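Enquirer: Sequence first, then the predicted structure:
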Number of protein chains: 2
Amino acid sequence: MTQRQRRVRDQAERGRRIVAAARELAEAEGWDAVTTRRLAALIEYSQPVLYSHFPGGKDAIMTAAALEGFAELAEVLAAARDRGVAGVAGAYVEFAEAKPALYDAMFTLASELPFARDDTPEVMQEAYAGLFAVVAPVAGDDTAGTLTEVFWSTLHGLITLDRGRRLSPEHRDERLALVVARFGARAG
Amino acid sequence: MTQRQRRVRDQAERGRRIVAAARELAEAEGWDAVTTRRLAALIEYSQPVLYSHFPGGKDAIMTAAALEGFAELAEVLAAARDRGVAGVAGAYVEFAEAKPALYDAMFTLASELPFARDDTPEVMQEAYAGLFAVVAPVAGDDTAGTLTEVFWSTLHGLITLDRGRRLSPEHRDERLALVVARFGARAG
DNA sequence: TCCAGTTTTCTAGCATCGCTAGGATTGCTA
DNA sequence: TAGCAATCCTAGCGATGCTAGAAAACTGGA
């Protein structure tokens, strides 16, 4: 029976290698370069093996990568919690810029990860909690949850527009400071 | 020579039909459904004709659609100008929700439309101006341009996250009101 | 140790995609 | 009307995500 356990363990390990290879390739050449054939070559198996791990195909692999991303984001935000709104905002932006492809998988692609629902994965709720923790204390009369969502939207908008060359590059830090000023202060 | 003029005019008309068909199809079934073959069938010509109008292929067609979108957005924002920050914010969100595929073409896809540069198309600058007009009066000590960019990012983030089911649906209006409250007020 | 039976893996191929070369057709000019 | 030029279409290339069915490997019982 231990043989069987080892096989199961090896397969789980291979599943992780698939996601890792996808993330690595996406970060290096973008998600368009992540084809099932290249992924199969990277893990040194044939294409159909990918589908035994992820029946949903490429989308499912990207979703798995996105979930890893949410876990890592939650960790980063939690670590910056004691540095307040400014610290968390900075950590969020830094995360998105350090791993742009992963961030894309989390938000732009892989849209089948619904938030604010009962079946929302725990790691996604934890990432949200990382923002909520620093926003709630300064919510004032505003609903803390709603303010968190707006704060989050601002950070997300800054990142995506900045990446699409829609914002002036030289004002990057000034924008972030302004966000902190507008959201970090208690509003009555 | 009038024959020649008519031919040129017909070709320009056909170019417009291509973009119109692309927009219509994208809005109905998403940009993935906009294939060169289906576009060719819709305009009742063969595939290569598309490339004589748009040498850049499908991307160029999407970019052309995006530019139309910026022109329409600029118009919408200008019309809402006298209703202040709240009016412009509402108009912006309304535009994005009424034409989601077009909005995607403008911001998520077609990334080769750089902003904040010398060769930025005029319609894009006009859309930006529509936001700037209402934000600048309440900028206070903040740089008006930077505040406009942050305001814009917030709206954009709200729209994209909302569409990806990342925000709670029932708080939509509350979020927008909160944005107006945080950005519409003069900050010293 | 060998032999079914099951599980796992690969080869080969399908439909579709964006795009293009080269020939056929049309329209213009002299 | 003959020759030229512009226009358009047929056919096909390479690549994509994905899958059916054959081949291989492993399993557990005689």
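Expert: Done, it's in. Residues are numbered from 1 along each chain as shown, chains lettered A, B, ... in the order given.

Enquirer: buried stuff in stretch A:36-45?
Expert: Of the residues in stretch A:36-45, A:Thr36, A:Leu39, A:Ala40, A:Leu42, A:Ile43, A:Tyr45 count as buried by neighbour count, 16 or more other CB atoms under 10 Å in any protein chain shown. C-beta: built from backbone N, CA, C; applies to glycine.

Enquirer: what do you get for stretch A:9-26?
Expert: Within stretch A:9-26, the residues that qualify as buried by neighbour count (16+ other CB under 10 Å) are A:Arg14, A:Gly15, A:Arg17, A:Ile18, A:Val19, A:Ala21, A:Ala22, A:Arg23, A:Leu25, A:Ala26.

Enquirer: got those as a markdown table, with distance to B:Val180, pLDDT and secondary structure columns?
Expert: Below are the buried residues of stretch A:9-26 laid out as a markdown table (distance: CB to CB, whole Å; pLDDT from 0 to 100; DSSP: H, G, I helix; E, B strand; the rest coil):
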| residue | distance to B:Val180 | pLDDT | secondary structure |
| --- | --- | --- | --- |
| A:Arg14 | 51 | 96 | helix |
| A:Gly15 | 46 | 96 | helix |
| A:Arg17 | 48 | 98 | helix |
| A:Ile18 | 46 | 98 | helix |
| A:Val19 | 41 | 98 | helix |
| A:Ala21 | 46 | 98 | helix |
| A:Ala22 | 41 | 98 | helix |
| A:Arg23 | 39 | 98 | helix |
| A:Leu25 | 43 | 98 | helix |
| A:Ala26 | 37 | 98 | helix |
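
Enquirer: Tell me which two of these sit farthest apart.
Expert: Pairwise distances across those peak at 18.5 Å for A:Arg14 and A:Ala26 (criterion: CB to CB).

Enquirer: For the residue of chain A found nearest DNA strand D, give its distance to A:Leu39.
Expert: With CB to the nearest atom of the strand as the measure, the residue in chain A that lies nearest DNA strand D is A:Gly57; the distance is 2.4 Å. Separation of A:Gly57 from A:Leu39 (CB to CB, to the nearest Å): 11 Å.

Enquirer: Domains in chain A, by residue range?
Expert: Under the assignment named as automatic domain parsing, the residue ranges that make up the domains of chain A are A:1-55, A:65-188.

Enquirer: Please see if the shortest one touches DNA strand C.
Expert: Yes: counting by CB under 7 Å from any atom of the strand, DNA strand C has neighbours in domain A:1-55: A:Arg7, A:Gln11, A:Tyr45, A:Ser46, A:Gln47, A:Pro48, A:Val49, A:Ser52.

Enquirer: need the contact list for the nearest residue to the fourth one once chain neighbours are set aside.
Expert: Right, A:Ser46. Distances taken as CB to CB, 6 or more residues apart in numbering or on different chains put A:Ala40 closest to A:Ser46, at 5.7 Å, once the chain neighbours are dropped. By CB atoms under 8 Å, 6 or more residues apart in numbering or on different chains, the contact set of A:Ala40 is A:Ser46, A:Gln47, A:Val49, A:Leu50.

Enquirer: how about CSV for the buried residues of stretch A:36-45, with distance to B:Leu131 and secondary structure added?
Expert: Output for the buried residues of stretch A:36-45, formatted as CSV (distance: CB to CB, whole Å; DSSP: H, G, I helix; E, B strand; the rest coil):
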residue, distance to B:Leu131, secondary structure
A:Thr36, 42, helix
A:Leu39, 42, helix
A:Ala40, 47, helix
A:Leu42, 44, helix
A:Ile43, 47, coil
A:Tyr45, 51, coil
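
Enquirer: Could I get these in CSV, plus columns for pLDDT?
Expert: Rendered in CSV, the data for the buried residues of stretch A:36-45 read as follows (pLDDT from 0 to 100):
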residue, pLDDT
A:Thr36, 98
A:Leu39, 98
A:Ala40, 98
A:Leu42, 97
A:Ile43, 97
A:Tyr45, 97
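
Enquirer: Now flag whichever of the residues you listed is closest to B:Asp142.
Expert: Ranked by distance to B:Asp142 (CB to CB), these are led by A:Leu39 at 46.6 Å.

Enquirer: any idea how far the closest one lies from A:Tyr51?
Expert: Relative to A:Tyr51, A:Leu39 is positioned 11 Å away (CB to CB).

Enquirer: measure A:Ala60 to A:Asp118 for me?
Expert: 21 Å.

Enquirer: do the same with A:Ala139
Expert: Between A:Ala139 and A:Asp118 the distance, using CB to CB, works out to 24 Å.

Enquirer: So which residues on chain A come close to DNA strand C?
Expert: Chain A comes close to DNA strand C at residues A:Arg7, A:Gln11, A:Tyr45, A:Ser46, A:Gln47, A:Pro48, A:Val49, A:Ser52, as judged by CB under 7 Å from any atom of the strand.

Enquirer: again, only this time at 6 Å
Expert: Along chain A, the residues adjacent to DNA strand C under the rule CB under 6 Å from any atom of the strand are A:Tyr45, A:Ser46, A:Gln47, A:Pro48, A:Val49, A:Ser52.

Enquirer: ranking those residues by neighbours, who comes first?
Expert: Top of those by neighbour number is A:Val49, holding 18 neighbours under the definition other CB atoms under 10 Å in any protein chain shown.
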